[in-house]
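> Any chance you could fold what I've pasted below:
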Amino acid sequence: MKPHKAPGPDGFTYHYYKSHSGILGPHLLSMFNNLLEGGRLPADSLLASIALIPKPGKDKHMVGNYRPISLINTDLKLFTKILSKRLDLIMGTLIHPDQVGFIPGRQAYENTRRSADLLWLASSSNTPSLFLSLDAEKAFDRAEWPFLFTLLSHLGFPPPFVRAIQALYSIPTAQIIISGTDPLPFPIRNGTRQGCPLSPALFALFLEPLLQHLRKDPHITGFRMGDQEYKLSAYADDILLSLTRPLSSLPAVMRRLDEFSRLSGYKVNITKSEAVATHMSQGDLDIIRGAYPIRVSPTSIDYLGIALPSNPGDLYDKNFPPLLSQLKKDLESWSKYAISWVGRVHCIKMNVLPRLLFFFQALPCALPSEDIRLLQSTIDHFIWQGKRHRIARATLYRPKDAGGLGLPCLFSYYYAAQLAQIVAWHSPRGLHRWVDLERTLMHPDHPHLWIWLPKPQRPLLRTTCPAILNSIRLWDKLATKCDLTSLPSPLSPVLRNKDFLPGYNARAEDGWMGTTIRRLYQLFPGGIFIDQTDPIISGSSANTNPLPYFQLRAFANQRHIKEAALTPLTPFERLCHTGSYPRGLISTLYRSLTTILDWKTLRYVAAWEADLGESLEAEEWADIWESMRSVSVCTTHQEQLIKTIFRWYVTPVQMSRISPGTPDSCWRGCGARGTYIHMWWECPTLKTFWSQTHTLAMAVLSKDIPMDPWAFLLSRPVQDLTRQENKLLAKITLAARRVLAESWNSPRAPSFTRLSSKMQDVCLMDELTAISSHTLPAYYNTWAPWIAQMGEGRIQMDMLQNDIPL
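Numbering: from 1, shown residues only. Model prediction:
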């Protein structure tokens, strides 16, 4: 757990418990086991501080528009985190796939994509339907504990687990943190604490009985596709009902909500609930409005931050243009602040990108290239403040460990988000409801099989579902361009394949003649065609009748089929073949795509190697890029080294090219051409400055250090120095470069006396960082030689007295 999270009322942080784990661990273990055996906690342990977080876009003068976040004591948070981690292992089996909130392996976009599919289905089939978004009144705070404890026992949780939950909710109290007032504790009698690691899982369990009753009620009808019915989607307390026959379904829904409310305390605020109707007559809408105070919108409703329109064709217009407009406003407002160049890149990565990624995943529709380009240009304008771009965009896109700044490339992130959903298409049946729905919509084909066929070999697509069409369109665009697959692919299906006519009319999900053979790679296990005695064949009808086996062999022996079957899987094919949605999938795909689409040879690498007359190995450049990232936590300090390496600074030679007639001679008056390497290293007026810096570094580290421009300008590690010594050398050279940069276009050489001041800046920043992050030992390991020299006064006496201001 993160060591710097805000503690509860007792003030003890995670760092405290971690630092003294040897002493506190046995006592915590004894206390935790006692809770499992029915022990109780003192009232002070169950006291929590409540921080009130205003809900965005709400009136801050209304108490109900604040979200209470409980800061519980760290020892209890450790205990609840342990229980939460164990509970996560079985949540997927206890909670129906309709619920995606806080369940490992499930994500919010699953419900928005499914809802968009159902809206399209209702529209294309002219089905009268109502999509109702329920507004729960203080959902987490109204959960009744007796109902929750009974539910846990009913679900089969062992008594020790139930006793532990009861101990946590036995006599809890809370105090609201309000600036300028003394906190006054008050008792808590219901609800799950927002801020407790167990709260999301407990609420998901608490809500599941209601959702089960809604699913099983025959009077509540949803969209039936195949053997599945799609009635509801849930993410925590955000519930969306997709109802057909609304006039008969709504009364049944209200009855179920009332029953559950009486038992559990859960309450729906029907006056704040919203609905959107498709293909319903005005008379039916009037009946609903007369019977229930539901706000029925003629255009769209909001669900999980996405506007779901009654007309599926409006999905893009209702969502992306407003997002673009808001992002532009935000970037314009941020431009007024004094944010560093690197800080602006961080703003995009930390604020803009997460918002865009959610929309990239949650909106199952095509995004026009013009809009993405426009937004990327808006981001560029923010990064460069409307000035000339000094660094190539492709360099900025590269990850930091590959010599870039990690600026998000929106096209690649959009492609990665869409490809991640293609990976999810390959998940097992029943794991993701939207995948099951889209497979049914494509019947008799399945998307996870159909896409691997070359276009001429594909059966006719039998759906016009926009989400499916958009994924297929993007797949066809990227599949070979980005080396995601080979054609034909080893994952190509055997059935519904025009090259195998005996199996063309079979169902896509079936194996050939009762076997489990579905894809080409399965035909050649170990590189040899599957034997008739193989259990896959011998246990099927293909064994009793040899004809199907010979047909399969004839198909497999075609040259292009055999080559495809024996082709190794690409990384993307391996992801799909696993049938899972791994953690960090979008980041993995993004890195792969940017490697293929955006990366080019770094110009500054070639320029530095030409200037210094030496070509570095890839590992040496990796060391330089690592120094670029780790030289300091201070953005200003990082930025200096980044700008030096990226060749940011404008030289006299560049100025003469920009403004013809401007002399290209060195600004310091030495008469030489002012090239980049000259202005940083070769200028005779800098000889004294760099010599003094070199002498200082050797004095501090008490070692001979070569006068190497790679080390002094780019912070390449020196082989004979330890890791800590190289870190300190990088900080000394950082201070020197900052001094030089201050007088970049000055006719005077930099003053060495400024270096000590700059070093103190770097040292102080590292010390403050170490104090806040509890890493003072590491700080002293790095800075001890400098602190010792400063304490003895040797730096000032031996070095600064030789300074020669010019």
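
> all contacts plus neighbour counts: C-alpha atoms, from now on.
Noted.

> My read is that residue 736 contacts residue 693, right?
Yes. Between residue 736 and residue 693 a contact is recorded at 7.1 Å, counting by C-alpha atoms under 8 Å.

> Could you check which of the two is surrounded by more residues?
Applying other C-alpha atoms under 10 Å to residue 736 and residue 693 shows that residue 736 carries more neighbours, namely 24 against 21.

> what's residue 506 in contact with, if anything?
Contacts for residue 506 (C-alpha atoms under 8 Å, 6 or more residues apart in numbering) come out as 495-496.

> Could you check the pLDDT of it?
Note on residue 506: pLDDT of 78.

> Give the helix, strand or coil label for residue 38.
coil (DSSP: H, G, I helix; E, B strand; the rest coil).

> Kindly tell me how buried it is, as a neighbour count.
That count, for residue 38 with other C-alpha under 10 Å as the rule, works out to 17.

> now the strands for the stretch 301-450 of the chain?
Secondary structure of the stretch 301-450 of the chain by DSSP state E, counting those that start in this stretch: the strands cover 306-309.

> let me fix that: the stretch 1-150 of the chain
Using DSSP E, counting those that start in this stretch, strands in the stretch 1-150 of the chain cover 47-54, 66-72, 129-134.

> now what about the longest one, what contacts it?
The set of residues external to strand 47-54 that reach it, using C-alpha under 8 Å, 6+ apart, is 8-9, 60, 65-73, 172-177, 185.

> Would you indicate which residues of that strand are buried?
47-52, 54 (16 or more other C-alpha atoms under 10 Å).

> Throw those residues into JSON lines and include pLDDT, thanks.
Output for those, formatted as JSON lines (pLDDT from 0 to 100):
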{"residue": "47", "pLDDT": "92"}
{"residue": "48", "pLDDT": "91"}
{"residue": "49", "pLDDT": "91"}
{"residue": "50", "pLDDT": "89"}
{"residue": "51", "pLDDT": "88"}
{"residue": "52", "pLDDT": "88"}
{"residue": "54", "pLDDT": "88"}
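
> so can I have JSON lines of these showing distance to residue 613?
Output for the buried residues of strand 47-54, formatted as JSON lines (distance: C-alpha to C-alpha, whole Å):
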{"residue": "47", "distance to residue 613": "67"}
{"residue": "48", "distance to residue 613": "64"}
{"residue": "49", "distance to residue 613": "63"}
{"residue": "50", "distance to residue 613": "62"}
{"residue": "51", "distance to residue 613": "60"}
{"residue": "52", "distance to residue 613": "61"}
{"residue": "54", "distance to residue 613": "59"}
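
> tell me the domain ranges of this protein?
What automatic domain parsing lists as the domains of the chain is 14-310, 313-408, 417-591, 603-802.

> what sits opposite residue 278 in the beta ladder?
residue 129 (DSSP bridges).

> I'd say it and residue 132 touch.
No. Residue 278 is beyond contact range of residue 132, at 11.5 Å (criterion: C-alpha under 8 Å).

> now the helices: where do they sit in the stretch 551-700 of the chain?
559-566, 571-578, 585-597, 603-612, 618-630, 635-645, 652-658, 676-677, 687-701 (DSSP state H, counting those that start in this stretch).

> Can you lay out those as JSON lines showing distance to residue 740 and mean pLDDT?
Formatted as JSON lines, the helices of the stretch 551-700 of the chain follow (distance: least, C-alpha to C-alpha, whole Å; pLDDT from 0 to 100):
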{"stretch": "helix 559-566", "distance to residue 740": "60", "mean pLDDT": "93"}
{"stretch": "helix 571-578", "distance to residue 740": "47", "mean pLDDT": "95"}
{"stretch": "helix 585-597", "distance to residue 740": "35", "mean pLDDT": "86"}
{"stretch": "helix 603-612", "distance to residue 740": "18", "mean pLDDT": "95"}
{"stretch": "helix 618-630", "distance to residue 740": "18", "mean pLDDT": "92"}
{"stretch": "helix 635-645", "distance to residue 740": "11", "mean pLDDT": "93"}
{"stretch": "helix 652-658", "distance to residue 740": "16", "mean pLDDT": "94"}
{"stretch": "helix 676-677", "distance to residue 740": "13", "mean pLDDT": "96"}
{"stretch": "helix 687-701", "distance to residue 740": "9", "mean pLDDT": "94"}
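
> and of those helices, who's closest to residue 287?
helix 585-597 (46.0 Å; C-alpha to C-alpha).

> Going by neighbour count, list what's buried in the closest one.
585-586, 589-595.

> just those residues now: which is nearest residue 629?
residue 591 (18.4 Å).

> show me the contacts for that closest one.
With contact set as C-alpha under 8 Å, 6+ apart, residue 591 has no partners.

> Residue 360 now?
By C-alpha under 8 Å, 6+ apart, the residues touching residue 360 are 414, 417-418.

> quick one: which of these sit in helices?
Counting by DSSP state H, the contacts of residue 360 place 414, 417-418 in helices.

> a markdown table for those residues, including neighbour count and pLDDT?
A markdown table is the format used below for the ones in helices among the contacts of residue 360 (neighbours: other C-alpha atoms under 10 Å; pLDDT from 0 to 100):
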| residue | neighbour count | pLDDT |
| --- | --- | --- |
| 414 | 21 | 96 |
| 417 | 22 | 97 |
| 418 | 26 | 96 |
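
> which parts of stretch 330-349 are buried?
331, 335, 341-342, 344-348.

> Of the ones in helices among the contacts of residue 360, which is the nearest to residue 581?
Closest to residue 581, out of all of those and judged by C-alpha to C-alpha, is residue 417, at 12.0 Å.

> related to what we said a few turns ago, out of the strands of the stretch 1-150 of the chain, flag the one nearest residue 242.
Here strand 129-134 is closest among those (C-alpha to C-alpha), at 4.6 Å.

> what does the closest one rub up against?
By C-alpha under 8 Å, 6+ apart, strand 129-134 touches 122, 238-246, 268-270, 272-280, 301-303.

> Please work out the average pLDDT along it.
Mean predicted lDDT for strand 129-134 stands at 96.

> How far does that strand sit from its chain's centre?
From the chain centre to the centre of strand 129-134 is a distance of 30 Å (C-alpha atoms, centre = their mean, to the nearest Å).

> And for stretch 246-261?
Centre-to-centre, stretch 246-261 and its host chain are 38 Å apart (C-alpha atoms, centre = their mean).
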